[in-house]
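Asks: Kindly return the folded structure for what I paste below:
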Amino acid sequence: MSSATGMRVVVTGATGNVGTSVVRLLSEDPEIGSVLGLARRLPDWSPPKTDWDAVDLASERSDLVERFTGADAVVHLAWAFQPTHDPAATWRTNVLGSMRVFEAVAAAGVPALVHASSVGAYSPGPKDEAVDESWPTHGWPDAAYCREKAYLERALDTFERDHPGTRVVRMRPAFLFKRESASEQRRIFGGKFLPGPLARPELLPFLPDIPGLRVQALHTDDAARAYRLAVHSDARGAFNLAADPPVDAHVPVALLTSGSSRPRGSAREDRV
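Replies: The predicted structure follows:
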C-alpha cells in the first residue's frame, strides 16, 4: 500500500475523456507515488510516474487482481459508448467488465474504489429544481447507457454490503466536456447526422429549441479534480458533479454567435 514513495493508484479507462484528465492530475500530485493506466489501446503519451497496460474489460482472461494488488485506490472510469446498435456488446464491457473490476478490487484488498457512475443513473426528475444524491437511481429504461449505469448502482449496493471495509465513492457527473475530446463527443452526440466538416458556426444557420431540454455540464478537468480529492479523502457514498447554470438551446447559440468559450464551471456536490 502507500509508503514513503506515495500512493499507488490504478485508473481504468485511462485514455478516455475523463481518464486523461484524471491521470494528468494524479501524475502531477506529489502525494501520488505511481499511476497505472489501463486501457484497451496503449497511448503514446508518457506523463510522469505513470505506467500503461493494455486491458480489455470485456475479456474474462484479463488478470485484474494482479494489476490491482498493492494499490491504494482504483478509479474505475472505463466505459464503451459504442456500438449503440448492439446493447449486448456494451453490456459485456460496461456491466460485466465493471463487475469484474469490483470483484478484483475485493480480491486484491484495495482499500478504496472510486466508480464513475453518472447523472444518467437517476430516475427522471424535475427540470426546474435541483435534487440531491438521494434521488432514486433506476435510470431511464429506454436508453442502454442509463440502464447500465443504474444496474451498476445496484451492483455497488451489494458490493458495499459484502465488503464494508472497502471505501466506495460513486461519482455521478453531468455531461463532461473538454476541447481535446470535442471530435469524439461530436460523434457520440451527433453521429452521422452531424459530420465534422459541418460542425462550424458559419454552416449552422439555426439550432432546434427542443422544449424541456435542459442539462447540466461541467469541464472534464473540474470533474478530474473531484476524482483526485476522492482518492485522497475518507469520503464515501455518492456525489453529484455539475455546474450552474443549466444548459439549454440558448447556450450553444450564444457560443456559436460570439465565438467565445464559456467560462469553466466548478465541481459541485449538491446538484443534479
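Asks: what residues are up against Val22?
Replies: Contact partners of Val22, counting by CB atoms under 8 Å, 6 or more residues apart in numbering, are 11, 14, 75, 77, 224, 227-228. (C-beta placed from N, C-alpha, C; glycine too.)
Asks: tell me the SS of it?
Replies: Under the three-state scheme (DSSP: H, G, I helix; E, B strand; the rest coil), Val22 adopts helix.
Asks: and the gap between it and Asp53?
Replies: 16 Å (CB to CB, to the nearest Å).
Asks: Quickly list what the most centrally placed residue in the chain is bridged to.
Replies: With distances taken as CA atoms, centre = their mean, the residue of the chain nearest its centroid is Ala116 (4.4 Å). With beta bridges defined as DSSP bridges, Ala116 has these partners: Met171.
Asks: Distance check, it against Thr93.
Replies: Ala116 is 14 Å from Thr93, by CB to CB.
Asks: if I look at these two, which residues touch both of them?
Replies: With CB under 8 Å, 6+ apart, Ala116 and Thr93 have common neighbours Trp79.
Asks: Run a quick neighbour tally on the nearest residue to Leu176 once chain neighbours are set aside.
Replies: Nearest residue to Leu176, sequence neighbours excluded (CB to CB, 6 or more residues apart in numbering): Thr220, at 4.5 Å. Thr220 has 23 neighbouring residues, counting by other CB atoms under 10 Å.
Asks: From what I see, Thr220 and Phe175 are in contact.
Replies: No. Using CB atoms under 8 Å, Thr220 makes no contact with Phe175, being 9.9 Å away.
Asks: of all the contacts of Val22, which comes closest to Val35?
Replies: Val11 (6.4 Å; CB to CB).
Asks: Report the mean per-residue pLDDT for whichever strand or helix holds that closest one.
Replies: Per DSSP states H and E: Val11 is located in strand 7-12. With pLDDT averaged residue by residue, strand 7-12 scores 98.
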